[in-house]
Structures are given as structure tokens and as C-alpha cells.
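Peer 1: From the sequence below, what's the structure:
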Amino acid sequence: MDGRGETGEDWGPFGRPLFNDPSVRALSRVGVVDVGSNSVRLVVFDGAARSPAYFFNEKILCGLGTGLLETGRLHPEGRIRALAAIKRFQSLADSMNLPPLSAVATAAVREASDGPDFRADVLRETGLEIYVIDGKEEARFSAQGVLLGWPEANGLMCDIGGSSLELAAISKGQVGKCVTSPLGPLKLAGIPGGKKGLKDEISRVVQQLADDMGTDHQRLYLVGGSWRAIARLDMERRGYPLTVLHEYRMTPKSLITTLKWIDEVDLEQVRQRTGTSSARMALVPIAAQVLRRLVREFRPKEIAVSSYGIREGLLYEQMPERLRKRDPLIEACYVAEQKDARIPGFGKRLFTFLQPLFKAAKPNELRVIKAACLLHDVSWRAHPDYRHEVCFDNATRANLGGLTHQERVFLGTALLHRYKNGREGSRFEPLFDILSEKSAMHAEVLGKAMRFGAMLTMDDPTKLGGLKWFPKKRQLVLTLKNNGTDLFGEVAEGRFYTLAEALGAEGIVKLRR
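Peer 2: Model prediction:
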């Protein structure tokens with residue numbers, strides 16, 4: 001399948017353009033079937049074009065690549081299960097009235113002698129044509145998936161599947177050199193020579209990869225289910241409180257400690273505690289050996305986990321450059337505000353009103369402050385007694401790209417304080433420890449600032465007056481225009497002075513004639 005549409009243009013696996021308008025903000029619903037060596041998955045994307053949400057997401061661990069090294073063929077049982085899964089996915093897509101599904105297959109299907117027969121079976125049974133991508137193309141798509149989440153990503157993308165491992169250099173929003181290798185756990189399981197043979201093979205191939213890609217990459221971006229399972233084990237070992245895998249960061253030292261721990265721990269007990277499937281955990285010991293060698297050979301300063309990969313990269317492939325350059329966090333928040341806020345558009349006006357409080361904020365901090373303002377009202381339907389908790393949960397657990405874990409908790413803490421003055425005794429206290437004391441204080445100030453600004457008016461607070469913050473004098477000055485005096489009622493006044501108290505400042509109200 002060459003992915004050419006009616007005009008003759010090559011649109012890859014989708015066979016049609018997804019982003020006809022470069023200024024598009026929302027993405028029409030689109031479904032992707034990913035036929036991997038270990039799993040077969042259907043993902044339906046929806047929502048913000050630059051940061052799509054997962055309308056539907058289901059996977060089956062079929063193990064198509066099991067035994068491929070010995071037989072050269074797809075695993076018989078896995079093939080039956082994969083076909084059944086794809087038939088279900090097609091039926092689900094029909095029930096959702098989706099446009100035609102796009103299906104891609106990777107190492108197992110492209111390398112197996114019966115891969116073409118399997119594709120023919122799928123086409124006959126479902127009408128779905130599978131687009132087979134080669135190893136370098138797979139690496140590029142996965143790297144583009146990383147860029148969808150982190151436009152500023154800089155380092156080496158490492159995508160592990162069941163039958164292969166792909167690497168791609170990422171820098172300045174571009175994907176550089178791409179390579180593929182046979183370092184997938186399912187394929188490595190068939191290496192002769194026992195533990196020594198396996199170790200020697202991993203060392204040999206990783207050395208080749210290092211020679212090919214260089215070892216000057218500051219960060220490794222890990223893509224793939226086996227890596228995510230290892231990251232979840234790292235969280236378990238550390239007692240880390242936020243079990244969101246996307247953008248989870250590890251130091252090489254911490255990761256090596258976890259990889260040694262994996263060799264010693266009872267994986268079945270850990271599997272149950274972490275909710276990892278048996279099929280996935282079975283791949284972890286070999287994947288851990290590969291990762292240990294990668295870390296030692298490439299010597300990164302940091303390792304980051306990406307939940308975005310090949311499927312997201314397929315969307316990124318078609319994004320116009322103008323859309324790629326947008327901030328995925330802000331785009332997702334704009335769409336959430338348009339969909340769920342009481343007064344869509346107020347968040348931007350609130351941000352403008354509050355900006356004088358944050359003159360010293362860096363660009364990365366300002367974007368999170370803006371995100372908070374856009375999201376400040378999207379949980380208004382929640383019960384008032386629990387609105388602050390819903391806000392915190394939404395921010396810290398949501399599928400948002402371009403957020404570190406510290407930024408997630410900062411955003412959640414600010415939104416919590418949008419609805420509640422204090423956070424003492426909260427069930428979220430373990431998560432607050434992810435923030436420094438200074439960051440927690442700034443989040444509280446932001447929350448109380450939003451609490452005041454949102455109370456002052458339901459229209460545009462900048463039309464009523466303005467804020468000035470004098471940190472050296474410790475003075476917070478609110479200057480009200482004539483049309484703002486009636487709106488500055490008792491509740492708004494109380495919230496203004498609460499904000500001043502959070503800043504450790506004197507609150508001053510002036511009237512402009």
C-alpha cells in the first residue's frame with residue numbers, strides 16, 4: 001500500500017489529508033491500528049489537533065513475533081488472536097462511524113515469511129489494508145511521536161518493540177539519523193548460547209549502534225511498552241507517588257539500581273502491585289538487559305519516558321509546520337476550555353489580568369501559568385465540596401503533552417487553590433512533595449490570584465482595573481476604574497486580601513477617576 005489519495009499525493013498510512021487547514025485547532029476523530037510484534041492496538045484520536053486525546057484505546061498482547069527467529073514465521077496462535085482483534089477493531093470503528101481505519105505493521109509482519117499471507121487474511125476478513133513500514137521509517141515515526149509531546153526534545157529516541165529496537169536522533173524539532181536493530185525481547189529470547197550468548201549478542205549490537213549513532217546524546221527518550229514497564233518498576237522501587245509514565249525522568253544511577261533490583265526481586269509479586277500484565281512482565285528481564293547496555297554505552301545524563309510513539313508520529317507526519325510549532329500544552333488547554341468552561345475565552349483575559357504578578361517568571365513558567373488560567377473553570381460541574389480535588393486530579397492525571405511531573409503537580413496545586421485556600425490534610429500530600437517549597441508557594445499564589453480574578457467579573461477583569469506587584473516594597477496594588485467599584489464586593493475584596501497575604505504583602509486598593 002502506497003498511501004496515495006485520489007489526487008496522487010502520498011499521505012502515508014492514512015491515505016488522505018488530516019489537516020487541510022494549517023490553522024486547525026481541533027482534530028476530527030481518526031483511528032489507527034498498530035500491528036506490532038508483541039501487541040495489536042486500536043487508538044482513536046480526538047480533540048486538540050496539536051495534542052490529541054485518546055477517545056478509545058485498546059490493545060491485545062498477541063505475541064506475533066514469538067519464535068520468529070527460529071521459525072521465520074508469525075506465531076500461529078498470535079496470528080489467530082491478532083486477526084480476531086483486528087476484526088473486533090473494525091467492528092468498533094464501524095459502530096463509531098469513523099473514517100476508514102489506518103493500519104500499520106512493524107518488524108514481525110515485515111520480516112515473517114507469512115507476513116504477506118497475514119495481511120491478505122486481514123484484507124479479506126475486514127477490508128483493512130495493512131501498511132508495512134521498514135525499520136528506519138518506524139524509527140522516524142516514533143521520534144515524531146516524541147516531538148508531538150516535546151517540541152523541544154533533544155537527544156536519542158529509543159523505541160523497543162517485540163522484535164526490534166529503533167534509534168533516532170532528535171534535535172531542534174527535527175528527526176535526524178535513524179537506525180534499526182534486532183534487539184527486541186521476543187527475538188532475543190531465541191538467541192542460542194544461554195545467558196552468555198544473550199549478553200554477548202546485546203553487547204555486540206549495542207556497540208554497533210553506538211558506533212553508528214555516536215554517544216554525545218544528553219537524554220534518552222524511551223518509547224515502547226517494555227520500557228514503560230521498567231519505568232513503572234522504578235517508581236515502585238522508589239515509592240514515587242505520581243504513577244504517570246509520560247515524562248517520567250530517571251537518572252542513569254537510579255535506573256541502573258532499578259535494573260539490578262529487577263534481577264533480584266520477585267517479579268510476580270511486583271507485577272501484581274503495579275498492575276502489569278503477565279505477558280508484558282515476561283519481556284522485562286531481557287528488555288532490562290538491553291536498557292542496561294544502552295545506558296552504559298551511550299552515557300546519557302537523563303532518561304525520559306514517552307507514552308507517545310509511532311501512532312502519534314503518524315499524526316505528526318501530516319501536521320503543517322505552523323501547527324507543529326504550537327505548544328501542545330496550551331493547545332490542549334484551549335480545546336478543554338472551549339469544550340467545558342462556563343465562559344470560553346475568559347482564561348486568556350484572566351491570564352492578561354494576572355500577568356503583572358509574574359513579571360519575573362521564565363517563559364517555561366509563564367506557559368504553565370497560562371495553562372492554569374485556561375483550565376481554571378473547566379471543572380465547574382463537579383460538586384463544590386470536591387471541585388478542588390477534581391481540578392488537581394485532572395491536571396496531574398490528564399493526557400497532556402509538554403509537561404514535566406513537577407509542572408503537572410504545580411498546575412494541579414494552583415488549580416486546587418483556585419477553589420480552596422488551604423491544602424493541609426489533603427489526600428494529595430505525597431504528591432506535593434514533588435514540588436520544592438518555593439514552587440508550592442508560587443502555585444498557591446497563582447491559585448489564589450485566579451480565585452480573585454475569576455470572582456471580580458464574569459467578563460474581562462482588565463476592563464475594570466489592573467494589578468501591580470512591588471516585591472521589594474511587599475505591596476500588591478489593585479487600581480479600580482469607576483466601572484469596577486460596584487463589582488469589587490465583599491467576596492471579591494476578601495479574595496484580594498487573601499492573595500496579598502499569600503504574597504506576604506500589604507494589599508492596597510486605589511480608585512482611578
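
Peer 1: Show me where the stretch 101-250 of the chain has its strands.
Peer 2: Listed in chain order, the strands found in the stretch 101-250 of the chain under DSSP state E, counting those that start in this stretch are 102-105, 130-132, 155-160, 165-171, 174-181, 219-223, 249-250.

Peer 1: Same list (the ones you listed) but as JSON lines, adding mean pLDDT, distance to Phe358 and mean neighbour count.
Peer 2: No exception for glycine: its C-beta is placed from N, CA and C like everyone else's. Below are these laid out as JSON lines (pLDDT from 0 to 100; distance: least, C-beta to C-beta, whole Å; neighbours: other C-beta atoms under 10 Å):
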{"stretch": "strand 102-105", "mean pLDDT": "95", "distance to Phe358": "43", "mean neighbour count": "25"}
{"stretch": "strand 130-132", "mean pLDDT": "96", "distance to Phe358": "47", "mean neighbour count": "21"}
{"stretch": "strand 155-160", "mean pLDDT": "98", "distance to Phe358": "30", "mean neighbour count": "27"}
{"stretch": "strand 165-171", "mean pLDDT": "97", "distance to Phe358": "30", "mean neighbour count": "24"}
{"stretch": "strand 174-181", "mean pLDDT": "97", "distance to Phe358": "32", "mean neighbour count": "17"}
{"stretch": "strand 219-223", "mean pLDDT": "98", "distance to Phe358": "28", "mean neighbour count": "25"}
{"stretch": "strand 249-250", "mean pLDDT": "96", "distance to Phe358": "25", "mean neighbour count": "19"}
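
Peer 1: Could I get these in TSV, plus columns for distance to Gln269?
Peer 2: Formatted as TSV, the entries for the strands of the stretch 101-250 of the chain read as follows, by distance: least, C-beta to C-beta, whole Å:
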stretch	distance to Gln269
strand 102-105	35
strand 130-132	39
strand 155-160	24
strand 165-171	28
strand 174-181	32
strand 219-223	24
strand 249-250	22
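
Peer 1: Any figure for the gap between the nearest residue to Leu156 once chain neighbours are set aside and Ile230?
Peer 2: Counting by C-beta to C-beta, 6 or more residues apart in numbering, the nearest residue to Leu156 once its immediate chain neighbours are dropped is His217, at 3.9 Å. Noted for His217: a distance of 19 Å to Ile230, by C-beta to C-beta, to the nearest Å.

Peer 1: Ser306 now?
Peer 2: When C-beta to C-beta is the yardstick, Ser306 and Ile230 sit 13 Å from each other.

Peer 1: shared neighbours, the two?
Peer 2: Between them, Ser306 and Ile230 share no neighbouring residue, with contact defined by C-beta atoms under 8 Å, 6 or more residues apart in numbering.

Peer 1: re the thing from before, okay, His217 and Ile230: which has more neighbours?
Peer 2: Neighbours per residue, other C-beta atoms under 10 Å: of His217 and Ile230, the larger number sits with Ile230, 27 against 21.

Peer 1: My read is that the more buried one contacts Leu283, right?
Peer 2: No. Proximity of Ile230 to Leu283 does not meet the contact threshold set by C-beta atoms under 8 Å, at 9.9 Å.

Peer 1: check contacts around the residue nearest to Met319 when sequence neighbours are not counted.
Peer 2: Among residues not flanking Met319 along the chain, Phe19 sits closest, at 5.8 Å (C-beta to C-beta, 6+ apart). Phe19 makes contact with 27, 49, 318-320, 323 under the criterion C-beta under 8 Å, 6+ apart.

Peer 1: what does Val477 give?
Peer 2: With contact taken as C-beta under 8 Å, 6+ apart, Val477 is in contact with 467-470, 508-510.

Peer 1: what's it sitting at in phi/psi?
Peer 2: Dihedral angles phi and psi of Val477 (degrees, to the nearest 10) take the values phi -110, psi 130.

Peer 1: what is it paired to in the beta sheet?
Peer 2: The partner list for Val477 in beta bridges (DSSP bridges) reads Lys468, Ile508.

Peer 1: From Pro356, how far out is it?
Peer 2: For Val477, the distance to Pro356 under the criterion C-beta to C-beta works out to 9 Å.

Peer 1: what's the overlap in contacts for these two?
Peer 2: Shared between the contact lists of Val477 and Pro356 (criterion: C-beta under 8 Å, 6+ apart) are residues 467-469.

Peer 1: Of those residues, keep whichever come out buried.
Peer 2: For the shared contacts of Val477 and Pro356, a neighbour count by 16 or more other C-beta atoms under 10 Å gives the buried set as 467, 469.

Peer 1: Only the C-alpha atoms, please, for stretch 185-193, written as PDB.
Peer 2: Presented in PDB, the C-alpha positions along stretch 185-193 are these (Å, rounded to 0.1, in the frame of the first residue of the first chain):
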ATOM      1  CA  PRO A 185      12.900  -9.200  23.600                       C
ATOM      2  CA  LEU A 186      10.800 -11.700  21.600                       C
ATOM      3  CA  LYS A 187      13.600 -12.100  19.000                       C
ATOM      4  CA  LEU A 188      16.400 -12.100  21.600                       C
ATOM      5  CA  ALA A 189      14.700 -14.900  23.500                       C
ATOM      6  CA  GLY A 190      15.700 -17.200  20.700                       C
ATOM      7  CA  ILE A 191      19.400 -16.400  20.800                       C
ATOM      8  CA  PRO A 192      21.500 -19.600  21.300                       C
ATOM      9  CA  GLY A 193      24.200 -19.900  24.000                       C
END
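
Peer 1: list the buried ones in that stretch?
Peer 2: 185-189, 191.

Peer 1: And for stretch 332-347?
Peer 2: Neighbour-count burial for stretch 332-347 [16+ other C-beta under 10 Å]: 332-338, 341, 344, 346-347.

Peer 1: Distance from the chain centre to it, please.
Peer 2: Here the centre of mass of C-alpha atoms in stretch 332-347, compared against the chain's by C-alpha atoms, centre = their mean, to the nearest Å, lies 20 Å away.

Peer 1: what does that stretch contact?
Peer 2: Counting by C-beta under 8 Å, 6+ apart, the neighbours of stretch 332-347 from elsewhere in the structure are 25-26, 47-48, 50-51, 53, 370-371, 373-381, 398, 400-401, 454, 458-460.

Peer 1: and Arg299, what is it in contact with?
Peer 2: 215, 252.

Peer 1: Dump the buried residues of stretch 185-193 to a markdown table, plus distance to Glu407.
Peer 2: Putting the buried residues of stretch 185-193 into a markdown table (distance: C-beta to C-beta, whole Å) gives the following:
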| residue | distance to Glu407 |
| --- | --- |
| Pro185 | 33 |
| Leu186 | 36 |
| Lys187 | 38 |
| Leu188 | 36 |
| Ala189 | 39 |
| Ile191 | 42 |
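
Peer 1: In helices only, show me those residues.
Peer 2: When helices are assigned by DSSP state H, the members of these inside them are 185-188.
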